[in-house]
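# Structural data only, the sequence is not supplied:
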């Protein structure tokens, strides 16, 4: 295995800002959703109710849950 000592890691697209400006989008069919951050290094499970909106953003991990057919659904 090659050593990366003295080398910089590859840059993320647009210096990493792409990830901040494009959070993970999960299309759902219910107004009430749960998020745990996914995986072993996630966050406490939290529940969100979209109420009057057709999307909600997780306050821990910025994941966006979009209602199928709503304004943030990429398939719309």
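Looks like it arrived, so ask away. Because the structure is a prediction, the values reported are computed rather than measured. Residues are numbered from 1 along each chain as shown.

# I'd guessed residue 66 sits against residue 27; true?
Yes - contact criterion CB atoms under 8 Å: residue 66 and residue 27 qualify, at 5.3 Å. The C-beta positions use only the backbone N, C-alpha and C, and glycine is treated the same way.

# who's more crowded, those two?
residue 66 (23 against 17; other CB atoms under 10 Å).

# For this structure, which segments count as strands?
With strands called from DSSP state E, the chain shows them at 25-28, 32-35, 46-49, 55-57, 64-67.

# Where does pLDDT dip in the chain?
The model of the chain has pLDDT under 70 over residues 1-21.

# Please, where are all the helices along it?
17-21 (DSSP state H).

# sorry, back to before: what sits in contact with each of residue 66 and residue 27?
residue 73 (CB atoms under 8 Å, 6 or more residues apart in numbering).

# Enumerate every residue touching residue 52.
With CB under 8 Å, 6+ apart, residue 52 has no contacts at all.

# where's it relative to residue 24, distance?
According to CB to CB, to the nearest Å, residue 52 and residue 24 sit 23 Å apart.

# Then residue 48?
Distance from residue 48 to residue 24, by CB to CB: 14 Å.

# Appreciated, that's everything.
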